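In: prediction below, plus the sequence it came from.
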Amino acid sequence: MRLPDATGPLSRLVEYSGLPLSRSLAFGIGLAALALAAGLDAPALAAGATLRGETMPAGFGRLSLAFEEPTQTRIRVANGVLIVAFGSPVQVDVARIARDLPNYVSVARIDPDGRGMRFALTQPYKANLIEAGDKAFIDLLPQNWAGVMPGPPPEAIAELTERLRLAEAKAKAAARQPPAPPAVLTMRSASLPTLERLIFKAPSETNLASELSDGTLKLVFDKPMNVEAAEIRTALPPDVALAGLDAGKEALTLTLSVPKEWQSRTFNDETGLVVDLLRPAKTAALSLPDIDKPQPPAAPTAAPSSAGPAAKPAAAQPATQPAAPAPRPAAATIAPEPPPGPVAITAGDNRLDFRFPRQTGAAAFLDAGLMTLVFDTRDTIDPARLTGLLPKLIEDSSVSREGRVTLVRLRLAGQPLARFFDDGNAWSLDLGGDAGKPAAPVEPQRSMDERGQTIVALPLAGLTGIHWLESGPAGLPVAVATAIGPVHLTPKPYQFVEFGLLETAQGLAVQPRSDDVAVRAGTEQVRIGRTGGLSVSLDVAEPARQQEAKVEKSELPPLLDADAWAKLRLGNLRDRARALMLDVTDASRGRKSEARLTLARFYAANGMMPEAAGPLGAMLADDTAMRANREALFLKGVVAAQMHRNQDAIATFDAELIKDDIETGLWRALVEQRLNRNAQALVGFRRAEATLDRYPADLQGEFREAMARAALAMQDMGIAERQIQALADMPRGSFDQERLALLQAMLDDASGRPEAAMNGYKSLFEAKSRPVAAEAQLRAVRLADAEKRTDLKPEEAIARLETVSVIWRGGRLEIEALAELGRLYGDQQRWRDAFMVARRANENFPDDPLTRRMHDETAQRFAELFSGSGLGNLPRIEALALFYDFKEFLPIGRRGDEITRLLGDRLVELDLLDQAAEILRYQMDRRLSGAARSTVAARLAMIDLMNGKPAEAVRALNATRLVELPADVKRARLLLEAKALSDLSRTDQALEMLESERGVEVDRLRADIYWTGRRWREAGEAYERLLDESWRGDSGLTDPERADVMRAGVSYVMANEALSLDRLRSKFAPKMARSADARTFAFVTGANRSRAADIREMARATANADTVSEFLKAYRERYPGLSAAIRKPPPQPDTLPSPAQGATADPATPQRS
């Protein structure tokens, strides 16, 4: 048979058939996307119906339809076909009609959408429709029928009559019934420690609304109900009363009176409608047994101590910690605590006595004539007992509760001398008398915390807690420290930059001036600090440190004697070294260790540390007694420190024999500063600062520089400035002036003087000292970035740091330069350079904390680059190259797995399906488990289907099958497996898997399975079912809809279904005639059957059409989280023939390509 050329209408028929051509992909994919975007999850549910046929004695045939529910029915006869249309979808079996009425019907078919039936009549008949309730009768009458049309069967009329009679009887019986009485509302209550619960029993559909306002609770039930007011009143808790009841026709309203401070909430559960009335939370006081328990100190920014919600300070208040005084011996013998009780208040001559049931912590301070007494107690102070006491001295009084403390405020007349003293369980306030015990003053002391930050410590024995008062003097918050006796007072006010100490008669009162001031309790002391340390000039601890140094000096000889080291540097170095070595050689066994120690000391004093390490190591190895020698151990640590063997030096300085020496702490601080442990280093430097003054000038310069750097790192500008000034005051030549200039620029930088700092850095760019020049450039780059300066552009900064990173290797400078360079590369989106810098840091400084931070930041950039919008901005090949070259930055865990899957999508888009499948298969086999593994298996199966490997897809899905999976994951895997089975020609098994599934994507997959399995009639009906009502209305068909119309037509041609093809033509011919595919549709569905064999032959060529792309597009739209990308191969040339030269083609008419 001669095949026509490829320019006629059949070329478009082939396009719609599903071959993997660019245009077929567009139509198929577009159709799937349109169906899914419409949000249709399942077809309309069809009502059931039964159909039977019988030949009537009067000489006509009758079709009897019995519906499950009344259904509108219409009929017409056209071209020998009886067409029955329904108003809604109907599920009915038409297979037996041709057997029941062989003389009337030859073929019977139901429309795919269930809205109609078609019967091919054996000869022309008249059709008459009779509707009777939920039944319909269609009579096929001869053409010559005359007279009255047949009526419905008698049994149908009798059934309708009986239904009408029963309905009338039921209506009359319902009318005679009295209306049902309203339901009865009942209530019961339950008392719980923190609330009162009201439980209402009402009909199941009753809703409850509540409104609480000013002690009145209104409950509205949205159903009319009866209620007994007496029963409600009896069941209510003691503090709740029934204030009103309104039983309306549509709702029931109860009004309850509750205490004003109570709150309410409502909810439904299996017990009924529940109303909870919440009592206010009771604040608990700290009892003495609780106080006496030692508690660890908290961080400076710990939360405020409180036993109840009311003790929380205002937002601007600093944080505090509960007190933790050391246990006192009396606590162990105290009898069990009495319950909270009233406080006895008595008045004498110019004196008020407060007698408590237990020993109580207190504080007292006077401000502007207002005396505030703070008692850390849970006992009750009755304000009425203060009324009228000492009227000449006290004008007004008030008592309030704030947190766990009770405040007594007394407005004093005049300015009496107020004293506060204790007497066992009593506290007495004396206004002008001479009585009272002597009080110990509290003096602030400058100290350091565990981070080396400056704090102020105030010793306070018997401390019971720190309490924040929201409104102190001048309306500002104040932190009060309460304590038990004896009395400790603040004799005068102290004013500091960040806070002030009020004058007190007992305890402490701290008034902060900065939001981050923290007041916390220590052991028998109060500690005041802030982030970055306090700026205080008070240094009362300095004499103690100097005295401590003097004691150390008097008890133990210095480990490094400056005078002795100076003498070792005199004379000819070579001659003295030779003499000492000869002495070691000639020394007897008893004095060899001493000779070696002398030689090591000589080398160390002259800066020859590697040479000193030799005899020192030999001595310690040969003479075990020298391992307990202080000087030998100390010298070993000094040599290690000066050789920058920092870990060895730390280990040596931690030896039990010398670790507590002040001088050892000084050298340990030097090593810790090099290791970037600046907080510990600063503590060590400050403790041994007095020792530093007697060191040689060259060592002083090294230590003071390190101390200044540690202080700058900890933002302690006072110490840094003092050490830099000390370096400047040293004899000329003792310290490198370029290093001093760098330190000064660093101080300007940290002190907020960027212009001076930048000028200082720039002046050192060409310094003679390479380390100084390199560090100046690094810090200038950082400053320019922080200040957003334009005088050092990113390009110049990168160039300078690239030079620094090449010419300077080792130490903190290189790793810091690499970190800054990596950041700049990232900002400029030079990803390969940024990742290379991070890799270099990992190789050269694997254990450095900055390297670990740099690795984490690079991994974060890597993750953002490959998981966010940045992935779309990278060229595909470059993205894959970066991924494969820098896999070490792939985050571990779930995010790394997600990035790997995204890279798999990139491989799919590049048509590298085998590589993408390999990545996902590795994740499935080695990395994941459980539901995550099953989800990745779905992605892998999708790629295998695209790659033409359905067997691999089935294996991946079977290997990851789980009983418990999310519904969407389980459904997605089912669709993929059904498609894979279809591609393996296991059509029945694929269809069986989809039996219980509904949805547009399922209907499309089922149509594809029919098509692939060459079940043409079912395929045509499935495609026609997908079209639904698109043939109605005036709007034209979309491209996907035209594709389904053409596929349905080809399927009917292949199945030789003339009746179905006629139905398709009658529905879609008008709209297809207005489309670009009019000639193709007419060719396929034309009435001229002379070329039908040619059409079937050509359609068989499309039977192997690949529907994978359309299915995968629909699947990806429905399940985006469980899908891989869709590959985009280049369009293929159109090589299939068309029937342009057939009987119905017009070769002169131009065709669309």
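Out: Nice, thanks for sending it over.
In: can you read off the pLDDT for Ala323?
Out: As predicted, Ala323 sits at a pLDDT of 42.
In: what of Thr504?
Out: 92.
In: is it true that it touches Leu489?
Out: Yes: using CB atoms under 8 Å, Thr504 makes contact with Leu489 at a distance of 5.3 Å. From N, CA and C alone the C-beta is placed, and that goes for glycine too.
In: for the residue nearest in space to the middle of the chain, which non-adjacent residue is spatially closest?
Out: Centre of the chain computed as the mean C-alpha position; nearest residue by CA atoms, centre = their mean is Arg895, 12.4 Å away. Closest residue to Arg895 apart from its sequence neighbours, by CB to CB, 6 or more residues apart in numbering: Ala863 at 5.7 Å.
In: and the one you found, how many neighbours?
Out: Here the number of neighbours of Ala863 (other CB atoms under 10 Å) works out to 18.
In: likewise for the one 10 residues further on?
Out: Taking other CB under 10 Å as the criterion, the count of residues near Asn873 is 10.
In: against Leu890, how distant is it?
Out: Using CB to CB, to the nearest Å, one gets 19 Å for the distance from Asn873 to Leu890.
In: residues of stretch 475-488 that come out buried?
Out: Neighbour-count burial for stretch 475-488, counted by 16 or more other CB atoms under 10 Å, picks out Leu476, Pro477, Val478, Ala479, Val480, Ala481, Thr482, Ala483, Ile484, Gly485, Val487, His488.
In: check the residues you listed and tell me the two furthest apart.
Out: Pairwise distances across the buried residues of stretch 475-488 peak at 28.4 Å for Leu476 and Gly485 (criterion: CB to CB).
In: what about the strands in the stretch 501-650 of the chain?
Out: Applying DSSP state E, counting those that start in this stretch to the stretch 501-650 of the chain gives strands spanning 504-506, 508-512, 517-522, 525-530.
In: right, so of those, which gets closest to Arg1014?
Out: strand 517-522 (81.1 Å).
In: which residues are in contact with the residue nearest to Arg895?
Out: By CB atoms under 8 Å, 6 or more residues apart in numbering, Ala863 lies in contact with Pro891, Arg895, Gly896, Ile899.
In: which of those residues sits closest to Leu469?
Out: For the contacts of Ala863, the nearest to Leu469 is Arg895 (47.8 Å; CB to CB).
In: for the helix or strand containing that closest one, packing partners?
Out: In the assignment (DSSP states H and E), Arg895 maps to helix 894-909. Secondary-structure packing of helix 894-909 (3 or more CB pairs under 8 Å, 6 or more residues apart in numbering; DSSP states H and E): helix 849-867, helix 876-885, helix 913-922, helix 930-946.
In: could you give the mean pLDDT of that helix?
Out: On average, helix 894-909 scores 76.
In: go on, stretch 578-593?
Out: pLDDT averaged over stretch 578-593 gives 88.
In: show me what counts as buried in it.
Out: Result for stretch 578-593 [16+ other CB under 10 Å]: buried residues Leu580, Asp583, Val584, Lys592, Ser593.
In: nearest to Gln123 among the residues you listed?
Out: Ser593 (132.2 Å).
In: please name the residues that touch that closest one.
Out: Counted by CB under 8 Å, 6+ apart, Ser593 has contacts Met619, Asp622, Asp623, Ala625, Met626.
In: how close does the last one sit to Glu672?
Out: Pointing back at Met626 there. From Met626 to Glu672 the distance is 27 Å (CB to CB).
In: kindly report the same for the first one.
Out: Taking CB to CB as the measure, Met619 and Glu672 are separated by 27 Å.
In: ok, Gln177 next?
Out: For Gln177, the distance to Glu672 - CB to CB - is 94 Å.
In: show me which of those two is the more surrounded one.
Out: Set Gln177 next to Glu672 and count neighbours by other CB under 10 Å: Glu672 wins out with 25 against 7.
In: these two touch, right, the more buried one and Leu682?
Out: No: assessed by CB under 8 Å, Glu672 is found out of contact with Leu682, at 9.1 Å.
In: mind listing what the closest residue to Phe889 other than its chain neighbours touches?
Out: Among residues not flanking Phe889 along the chain, Phe862 sits closest, at 4.1 Å (CB to CB, 6+ apart). With contact taken as CB under 8 Å, 6+ apart, Phe862 is in contact with Phe835, Phe886, Phe889, Leu890, Pro891, Ile899.
In: and which of the buried residues of stretch 578-593 is nearest Leu101?
Out: Ser593 (125.7 Å).
In: separation between that closest one and Asp897?
Out: 62 Å.
In: then Gly432?
Out: 79 Å.
In: how about Val517?
Out: 47 Å.
In: ok, what's across the strand from Ser398?
Out: Beta-bridge partners for Ser398, by DSSP bridges, are Arg409.
In: for burial, what's the neighbour tally of it?
Out: The burial count for Ser398: 12, using other CB under 10 Å.
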